[in-house]
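1. give me coordinates for this.
(2 chains)
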Number of protein chains: 2
Amino acid sequence: MSDTDAASATGRRRPRQRVRTQPAAPAFLRRRVPAYALLAEDGLAALERQAERILAELGVEFRGDDEALALWRNAGASVEGLRVRFEPGQLVEIIRSAPQCFSQHARDPRHTVEIGRDAVVFAPAYGSPFVYDREQGRRYGSLEDFRNFVKMSWVSPWMHHSGGTVCEPVDVPVNKRHLDMVYAHMRHSAKPFMGSVTAPERAEDSIEMCRILFGADFVDRNCVILGNINTNSPLIFDGVMSKALRAYARANQAAVVVPFILGGAMGPVTTAGAIAQAHAEAMVGVALTQLERKGAPVIYGNFLSSMSLRSGAPTFGMPEPAIAYLAIGQLARRLGLPLRCGGALTASKLADAQAAQESADSLWPALLGGANFILHAAGWLEGGLVMGYEKFALDCDHLGMMHRLLDGLALDDNALAMDAFREVGPGKHFLGCAHTLANYTTAFYDPELADNDSFEQWRDAGSRDAETRAGARWKALLAAHEDPPLDAAINEALCEFVARRKAAVADAWY
Amino acid sequence: MSDTDAASATGRRRPRQRVRTQPAAPAFLRRRVPAYALLAEDGLAALERQAERILAELGVEFRGDDEALALWRNAGASVEGLRVRFEPGQLVEIIRSAPQCFSQHARDPRHTVEIGRDAVVFAPAYGSPFVYDREQGRRYGSLEDFRNFVKMSWVSPWMHHSGGTVCEPVDVPVNKRHLDMVYAHMRHSAKPFMGSVTAPERAEDSIEMCRILFGADFVDRNCVILGNINTNSPLIFDGVMSKALRAYARANQAAVVVPFILGGAMGPVTTAGAIAQAHAEAMVGVALTQLERKGAPVIYGNFLSSMSLRSGAPTFGMPEPAIAYLAIGQLARRLGLPLRCGGALTASKLADAQAAQESADSLWPALLGGANFILHAAGWLEGGLVMGYEKFALDCDHLGMMHRLLDGLALDDNALAMDAFREVGPGKHFLGCAHTLANYTTAFYDPELADNDSFEQWRDAGSRDAETRAGARWKALLAAHEDPPLDAAINEALCEFVARRKAAVADAWY
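-> Take a look at the predicted model:
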């Protein structure tokens, strides 16, 4: 895979200054602070040993994908029926060919992101059937909602990625949605995006549309689309997912391999066991991409959560998954793989204190744990059932803060400020000193939604809480949207492809 | 200072089972995860060098405390007028006699806390003139409010400490408030607490009341009260504060030395400069306690915040102070001192998404930075102007989660769950397996206020947001309160002391 031809044909099709709506914002974030080391060598080795033991003793099942079974057989795994077992160390060896870091190209090359090592990419939430805003309440998502979130992600300076199924466009037939979704990402944004995984042919369609947008040759040599593949925990890969995974890998595109484990349901109720299982499943999925196409980009993913001990309901932003994210980060780094982990997760129904606290508690361990691709970084509500407009705006502001946090501490002479101390001295204030004047426009993150006014100012302005203020913010984001320029011939070819594929089959609603 | 006589006379005065309202909750938290290492040696050395440079070149001023100046002169510092300058390394040498860790004794020894090393103690917010709850709104704090927060801290399993001025009892004369406050901590709680610092004689009164409660000899040998001493940044110690600091140290009680720096106002606008200044000021205050009484317990404190670049208003929970907390933690550990840092800080006027997010963003870096004493851990609103009832309940729940987080990851055979994998195998669920049944009551933190119900359940129960639910929770905390037993003779002596001291002077309201 080559990253040298990033300034592809698509980059020349529009004037630079038109596209760059957010000149100050980076295409992606570089973490300049160390990853947190939760566990020492013995702890990490214990988790790895347990994963290898699960893989050797129990293995995983591949259901409905004979080609995958053949690949495993050829690679020397033990295949009995649908069950595949692995010698300790076997998957680690296969995984070595996966890149530590790769670029996912955007059609505007200034929005191309790196995924891996110290790069961090924020993408909106994924997969909710419902949307929510304060005025219209909770309702099924529509294609218009889908487009709205794509547009807001394009405008927000803190969102690096357009995401995938930012909400389900429930008003479009199930078997045709992916065409409208991928087209919306291509048309209303020039940030990188994700494709369909719900059927192998939908994955193929998504990649085919990329070939129209980027050129087939470019796509074969570069990653331009991601596919998010959940395992069927515990220890199952069903054919729909494994075939979609292989479709992405075969096209040299990146699968995100995500064990989705609710501790106590799809994995053990104890965190260490759930981590070991997730590690085992992720290694299997990652290795399969390398068997399909050696060197294909791939992301080691994780989605671990807990449950309410009273009701069995899934819970989010709890301390046990936070601990798990920190450990998982270390495991992924030891494999040398880019990591997807965390997000702004919550079980709350609206953007209240619960939502913000749980989201922060999910984001901190992902970031300090060294996650590289943070899906669900904005908008997530109600355990992923709902994409929230206000929540999206609040989360984006928080992501802006996290840009600052991960930037770490400047320690140059200006930052150490000896001149300021000399100018001001004991008992005076720094408000008007030369050092303050020289630095004040950049010294602090300028929050979009935090209210720092006096109580009287706040009361007189209507005593609005954060969710209410966020209602104005998302509308402003949406109002600021303009489609980035797209070559007319390419647009026409994309529309023609979508129309042709839609016409080829009858609508299906399941 | 001796910790061996913890089971003091006060511990024998009441039956154990009556006092322990929360049998499962620990007296304090032990951090079993590593502190985060933000900076490497060179970065830490740069901050330390800058602090030493400030101290050598500019020094600090001691205003209105000739005894402090005399102590500095005797210790070999350069004293010119009010200005005291220090040779590099001089303060570090003096600080060596301060204990790395000490016990603050509670009148019920089961609530005695350790402060230092890997111990973490949560205390409620401190110092607000106003209180807020949803029903009665924002208003001046009263003695009844003060008692309410003391009572709720006694009942909450996640609060280790009763705090100090949990809100200002504005209905009591300024010069007599401290008597009612200290008595309320002693009467309505058996957790450790803080005394007055607003005048040297009020500090003395606070300590004298401890002598009545614990016995004079016990107090001389053990820490039973803390005094929170803010420096007058930049680089000033006024006499009120330095005399109170010395009063606590002289009595072998712990001063918390807290540079209070709003970057751009009381310190440089750049974070590294503000950290260096805070480090310099904290070292001066800590060293002064050791000159007053060698070996006296003391806490290295920090309160750094940022400001709105648009309005100059103070901001809380922003990324720059978060980074600072992580660095400060490293600096305090290098000095071998217990650290006070962070809290559940916010500029929000109510317990909304802003409040929760800013509070989480203040708490995470304090905890991962290794803070030992977390003041303002619950209740803080509006930049410290307001103590919030709902916020208090929400924060306490969050502190419960943090108990789990800091407990780290269990990696024993039960946690690794091999038996569960063998029992369940691929494609089944873990809900009813033996391992889940054996572990489910303790596997996950059980949140007090998070709503994890389905949307329909939540809607049918009234669509209550987290702040609304917290309204019921704080009322339940308060309703559950019972005064822990207190020896009648001691109670009488305390009341007599308070009455006598109140009668000795006229009311003053400033």
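2. would you map the strands across the stretch 251-400 of chain A?
-> Ranges of strands in the stretch 251-400 of chain A, per DSSP state E, counting those that start in this stretch, are A:254-258, A:260-262, A:298-301, A:303-307, A:314-315, A:339-340, A:373-374, A:380-381, A:386-388.
3. how about the ones you listed in TSV, adding mean pLDDT, mean neighbour count and distance to residue A:209?
-> Placement of C-beta: from N, CA and C, glycine included. Shown next, in TSV, are the strands of the stretch 251-400 of chain A (pLDDT from 0 to 100; neighbours: other C-beta atoms under 10 Å in any protein chain shown; distance: least, C-beta to C-beta, whole Å):
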stretch	mean pLDDT	mean neighbour count	distance to residue A:209
strand A:254-258	98	28	16
strand A:260-262	95	23	26
strand A:298-301	98	32	21
strand A:303-307	94	25	27
strand A:314-315	96	22	33
strand A:339-340	98	29	23
strand A:373-374	98	28	21
strand A:380-381	98	32	26
strand A:386-388	98	30	23
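4. present these as CSV; the columns should include distance to residue B:475.
-> Conversion of these to CSV gives the following (distance: least, C-beta to C-beta, whole Å):
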stretch, distance to residue B:475
strand A:254-258, 42
strand A:260-262, 33
strand A:298-301, 43
strand A:303-307, 28
strand A:314-315, 24
strand A:339-340, 42
strand A:373-374, 38
strand A:380-381, 27
strand A:386-388, 29
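5. can you redo those strands as JSON lines with distance to chain B?
-> JSON lines is the format used below for the strands of the stretch 251-400 of chain A (distance: least, C-beta to the nearest C-beta, whole Å):
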{"stretch": "strand A:254-258", "distance to chain B": "17"}
{"stretch": "strand A:260-262", "distance to chain B": "9"}
{"stretch": "strand A:298-301", "distance to chain B": "19"}
{"stretch": "strand A:303-307", "distance to chain B": "5"}
{"stretch": "strand A:314-315", "distance to chain B": "5"}
{"stretch": "strand A:339-340", "distance to chain B": "17"}
{"stretch": "strand A:373-374", "distance to chain B": "16"}
{"stretch": "strand A:380-381", "distance to chain B": "10"}
{"stretch": "strand A:386-388", "distance to chain B": "8"}
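6. among those, which comes closest to residue B:272?
-> Ranking the strands of the stretch 251-400 of chain A by proximity to residue B:272 (C-beta to C-beta) places strand A:373-374 first, at 27.6 Å.
7. residues in contact with that closest one?
-> A:115, A:120-123, A:161, A:226, A:256, A:299, A:338-343, A:363, A:366-367 (C-beta atoms under 8 Å, 6 or more residues apart in numbering or on different chains).
8. the same query, at a cut-off of 10 Å, please.
-> By C-beta atoms under 10 Å, 6 or more residues apart in numbering or on different chains, the residues outside strand A:373-374 that reach it are A:28-29, A:104, A:113, A:115-116, A:119-123, A:160-161, A:226, A:228, A:254, A:256, A:299-301, A:338-344, A:362-363, A:366-367, A:399, A:402.
9. chain center to that strand: distance?
-> Strand A:373-374 has its C-alpha centroid displaced from the chain centroid by 4 Å (C-alpha atoms, centre = their mean, to the nearest Å).
10. residue A:394 against residue A:477, yeah?
-> No. With the criterion set as C-beta atoms under 10 Å, residue A:394 and residue A:477 do not qualify as a contacting pair; they are 11.8 Å apart.
11. which of the two has more residues huddled nearby?
-> With neighbours defined as other C-beta atoms under 10 Å in any protein chain shown, residue A:394 and residue A:477 compare such that residue A:394 has more, 31 against 23.
12. contacting residues around the more buried one?
-> Taking C-beta under 10 Å, 6+ apart, we find residue A:394 in contact with A:344, A:351, A:355-356, A:359, A:378-379, A:388, A:448-450, A:466-467, A:469-470, A:473-474, B:352-354, B:357.
13. and residue A:42, that's in a helix?
-> Yes. Residue state for residue A:42 (DSSP: H, G, I helix; E, B strand; the rest coil) corresponds to a helix.
14. mind checking pLDDT for it?
-> In the predicted model, residue A:42 carries a pLDDT score of 98.
15. indicate the residue of the stretch 251-400 of chain A located nearest to chain B.
-> The stretch 251-400 of chain A approaches chain B most closely through residue A:273 (2.9 Å), counting by C-beta to the nearest C-beta.
16. apart from its chain neighbours, what residue comes closest to that residue?
-> In space, and not counting its chain neighbours, residue A:273 is closest to residue B:417: 2.9 Å by C-beta to C-beta, 6 or more residues apart in numbering or on different chains.
17. next one: the one you found from residue B:439, what distance?
-> Using C-beta to C-beta, to the nearest Å, residue B:417 is found at 8 Å from residue B:439.
18. neighbour-wise, which of those two wins?
-> Ranked by neighbour count (other C-beta under 10 Å), residue B:417 and residue B:439 place residue B:417 first, with 29 against 21.
19. how about the residues of the stretch 151-300 of chain A near chain B?
-> Taking C-beta under 10 Å from any C-beta of the partner chain as the measure of proximity, the stretch 151-300 of chain A contacts chain B at A:232-238, A:261-277, A:280.
20. can we see that at 6 Å?
-> Taking C-beta under 6 Å from any C-beta of the partner chain as the criterion, the neighbours of chain B within the stretch 151-300 of chain A are A:234, A:235, A:236, A:264, A:265, A:268, A:269, A:270, A:272, A:273.
21. count of residues packed around the residue of the stretch 251-400 of chain A closest to chain B?
-> Counted with other C-beta under 10 Å, residues neighbouring residue A:273 total 29.
22. quick revisit: of the contacts of strand A:373-374, which belong to helices?
-> When helices are assigned by DSSP state H, the members of those inside them are A:362, A:363, A:366, A:367, A:399, A:402.
23. in CSV: these, plus neighbour count.
-> Putting these into CSV (neighbours: other C-beta atoms under 10 Å in any protein chain shown) gives the following:
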residue, neighbour count
A:362, 27
A:363, 32
A:366, 30
A:367, 26
A:399, 23
A:402, 26
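24. highest neighbour count among the residues of the stretch 151-300 of chain A next to chain B?
-> Taking other C-beta under 10 Å to define a neighbour, the member of those with the most is residue A:268, carrying 32 neighbours.
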